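Visitor: With the sequence up front, the predicted model follows.
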Amino acid sequence: MMPPQSPQAPSETGLVVERLLNAPRARVWQAWTEPDLLVRWFFPEGCTMENPSFDVREGGAYACDYRASDGSVFRLRGVFETLTPPERLVFTHGWADENGVVEHHPRVTVDLEVVGEKTRVTVRQTGLADKATRDSHVEGWTQALGHLAALLDTA
């Protein structure tokens, strides 16, 4: 498994996290766009995914709940805005309250770049509420990309 790469210099409400994966771009694209693969890696450490729903197409919505080890639940909601196979995805990524209301609609852009027989994944997220939220998302994306690397190493 390839070691994680450090996040690039983030802005106050945006981030960039990169990871070089030991897999061809087509396989990494599948992991980002096939629901049966997304449920296997798209979550941070210490959480399990519940009630996943991924309609991976432009304009398609997704929703999943993350249950933390302390029992708390975080409800992720978003819409896929752009899919440019096999190189780019753009989607919103917001946390809903118990009524399903999402206050902030940060945007995530994922770029997949061929590097020999490997793929560099670059996750850019903008529109986060504040620095603390940004920092927690850097950690979450780093952990999720670690799950993705492990999945691709065994697939």
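Guide: Yep, that arrived.
Visitor: Helix, strand, or coil at Ala150?
Guide: Classification of Ala150 using DSSP: H, G, I helix; E, B strand; the rest coil returns helix.
Visitor: And for the closest residue to Gly46 other than its chain neighbours, the neighbour number?
Guide: Take Gly46 and drop its neighbours on the chain: the residue closest to it by CB to CB, 6 or more residues apart in numbering is Ser69, 4.8 Å away. All C-beta spots, glycine's among them, are computed from the backbone N, C-alpha and C. Residues near Ser69, counting by other CB atoms under 10 Å, number 9.
Visitor: With Val108 instead?
Guide: 19.
Visitor: what's the answer for His137, then?
Guide: Around His137 there are 22 other residues, counting by other CB under 10 Å.
Visitor: does Val121 belong to a helix or a strand, and which?
Guide: In the assignment (DSSP states H and E), Val121 maps to strand 118-126.
Visitor: So which bits of that strand are buried?
Guide: With burial defined by 16 or more other CB atoms under 10 Å, the residues of strand 118-126 counted as buried are Lys118, Thr119, Arg120, Val121, Thr122, Val123, Arg124, Gln125.
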